[in-house]
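# No sequence on hand, only this structure:
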């Protein structure tokens, strides 16, 4: 069994900062691409940022220069440092990981349970 557990969400005023964490656990051979997604109220879930095991990153335009994605491969953990938060960043944030459970298996997509981030104006 594989689990992704997120932490670090909360309530913050505009201009503030939060740091999200996502830890993978269970029967894992390798954690490949990891990413953060968010779903604002009444809207679809969209990509925020992704990171490869080698540290190559991609960000959606709206968070560039404000958010930083990182990972610790030894701990199977990913982070999202969010600075200069805006009310439009309010959403449930989900972590995603493509995981190989065995050396010969293909990637399987896993999702965390989501963590609420609320930014007040």
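Looks like it came in fine. It should be emphasised that the depicted structure is a prediction, and the values quoted were computed from it without experimental measurement. Residues are numbered from 1 along each chain as shown.
# Show me the beta-bridge partners of the residue nearest the centre of the chain.
Central residue of the chain (Cα atoms, centre = their mean): residue 36, 2.8 Å from the mean position. For residue 36, the beta-bridge partners are residue 49, residue 95 (DSSP bridges).
# Quickly find the element holding residue 32.
If you go by DSSP states H and E, residue 32 is part of strand 30-39.
# Can you give me the buried ones in that strand?
Buried residues in strand 30-39, defined by neighbour count with 16 or more other Cβ atoms under 10 Å: 31, 33-38. Just so you know, the C-beta spots here come from the backbone N, C-alpha and C atoms, and that holds for glycine as well.
# what's the neighbour count on residue 7?
Residues lying near residue 7 (other Cβ atoms under 10 Å) number 12.
# Please name the nearest non-neighbouring residue to it.
Leaving aside its sequence neighbours, residue 7 sits nearest to residue 21 (Cβ to Cβ, 6 or more residues apart in numbering; 5.0 Å).
# repeat for residue 30
residue 100 (4.4 Å).
# Check what pLDDT the one you found gets.
The score at residue 100 is 95. That number is its pLDDT.
# before we move on, the earlier item: which of the buried residues of strand 30-39 sits closest to residue 65?
Distances from residue 65 to those, taken as Cβ to Cβ, are shortest for residue 36 (15.9 Å).
# you'd agree the closest one is up against residue 80?
Yes - using Cβ atoms under 8 Å, residue 36 is in contact with residue 80, at 4.9 Å.
# Any chance you could list residues touching both of those two?
20, 22, 48-49, 69, 93 (Cβ atoms under 8 Å, 6 or more residues apart in numbering).
# Spatially nearest residue to residue 23, not counting backbone neighbours?
residue 77 (4.7 Å).
# and the gap between that neighbour and residue 19?
Using Cβ to Cβ, to the nearest Å, we find residue 77 at a distance of 12 Å from residue 19.
# And the two? Which one has more around it.
residue 77 (19 against 14).
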